[in-house]
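Peer 1: next input, structure requested:
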Amino acid sequence: MFPIHSYFKHQTMMMINQMLFFTLLTVATVVADSPPPPLELYMHDILGGSSPTARPITGLLGSIYSGQVPFARPLNPQKGSISVPFSDGIPLGTGLSGTAFLGGPDSGNQLGRDGLGLGFGTITVIDDYLTLAPELGSQQVGKAQGVYVASSADNTAQMMAFTALMEGGEFGDSINFFGLYKIGTSVSRLTVTGGTGKFKNVGGYAEVRSLVPTGKYVADGVETLLRITVHLK
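Peer 2: Have a look, this model is predicted:
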């Protein structure tokens with residue numbers, strides 16, 4: 001005859017094992033559903049100088065930048081003409097810094113005859129460095145390749161569409177970004193629209209903040225340094 005105490009002992013052990021199984025299953029589910037830690041990248045966008053990573057290719061400012069408009073600032077401006085300020089050979093409003101690199105209260109948006117900013121509609125192609133730290137000479141982890149477009153009439157926003165190509169092999173791992181970068185704001189947000197390799201089918205968003213370039217290695221062009229904090233899911 002089967003002892004009663006052995007029966008209850010057996011049932012108790014089964015209940016404990018079931019509780020342990022469901023506890024482990026719950027923990028595993030929570031861990032699996034937990035988002036990965038944020039990925040932090042530093043993007044170096046450099047216009048002009050000896051090692052540029054970006055080039056405006058359309059619009060008035062793109063033509064001035066490439067030298068197709070030889071007299072962008074007339075020596076003797078006539079009534080109704082437009083004088084385009086420069087800094088380090090870069091026309092006002094070009095790039096991710098907008099008018100900020102000129103500084104001062106009078107460095108506002110330069111308007112064309114149609115009332116729109118001179119930079120409006122400028123498309124800039126990029127092949128920017130991505131590093132693990134803010135310094136330009138720090139470890140490079142990949143490249144940001146794509147375009148940004150001056151999409152606001154007052155030159156305060158750039159529509160960005162680029163791919164972060166991670167180093168290793170043949171750049172098999174990549175993350176795609178799309179969204180609006182607002183010049184002069186504390187933070188902008190871009191959407192993660194997928195990727196390749198270990199980032200295949202990822203989603204999420206990125207917080208983009210502008211920093212002041214520092215460090216031993218300083219570009220001789222006009223550099224815009226962006227800190228990109230990527231939240232994947």
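Peer 1: which of the three states applies to residue 198?
Peer 2: Using DSSP: H, G, I helix; E, B strand; the rest coil, the structure places residue 198 in helix.
Peer 1: quick check, pLDDT for the spatially closest residue to it that is not a sequence neighbour.
Peer 2: Nearest residue to residue 198, sequence neighbours excluded (CB to CB, 6 or more residues apart in numbering): residue 173, at 5.3 Å. Every residue, glycine included, has its C-beta placed from N, CA and C. With respect to pLDDT, residue 173 has a value of 93.
Peer 1: for residue 173, grab the count of nearby residues.
Peer 2: Applying other CB atoms under 10 Å, we find 17 residues neighbouring residue 173.
Peer 1: you'd agree it is up against residue 163?
Peer 2: No. Using CB atoms under 8 Å, residue 173 is not in contact with residue 163; the gap is 10.7 Å.
Peer 1: so what sits against both of the two?
Peer 2: Residues touching both residue 173 and residue 163 (CB atoms under 8 Å, 6 or more residues apart in numbering): none.
Peer 1: check which helix or strand covers residue 97.
Peer 2: Per DSSP states H and E: residue 97 is located in neither a helix nor a strand.
Peer 1: that one: what's it in contact with?
Peer 2: Contacts for residue 97 were tallied using CB under 8 Å, 6+ apart; they are 183, 210, 222, 224.
Peer 1: measure it to residue 197 for me?
Peer 2: With the distance defined as CB to CB, to the nearest Å, residue 97 ends up 32 Å from residue 197.
Peer 1: dump the contacts of residue 97 to CSV, plus neighbour count.
Peer 2: CSV is the format used below for the contacts of residue 97 (neighbours: other CB atoms under 10 Å):
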residue, neighbour count
183, 21
210, 19
222, 22
224, 23
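Peer 1: narrow the residues you listed to those in strands?
Peer 2: 210, 222, 224 (DSSP state E).
Peer 1: in this protein, which spans are strands?
Peer 2: For the chain, applying DSSP E gives strands covering 39-47, 54-56, 86-87, 90-91, 123-131, 140-150, 157-166, 174-182, 188-196, 204-211, 222-232.
Peer 1: any idea of the mean pLDDT in the fourth one?
Peer 2: It refers to strand 90-91. 70.
Peer 1: low-confidence bits of this structure, can you list those?
Peer 2: Filtered on pLDDT under 70, the chain yields the residue ranges 1-33, 60-89, 91-93, 99-115, 169-171, 216-217.
Peer 1: now with 90, please.
Peer 2: The model of the chain has pLDDT under 90 over residues 1-36, 48-50, 58-95, 97-121, 137, 152-156, 167-172, 184, 213-222.
Peer 1: sorry, back to before: to residue 116, which of the strands of the chain lies closest?
Peer 2: Checking the strands of the chain against residue 116 by CB to CB gives strand 140-150 as the closest, at 9.9 Å.
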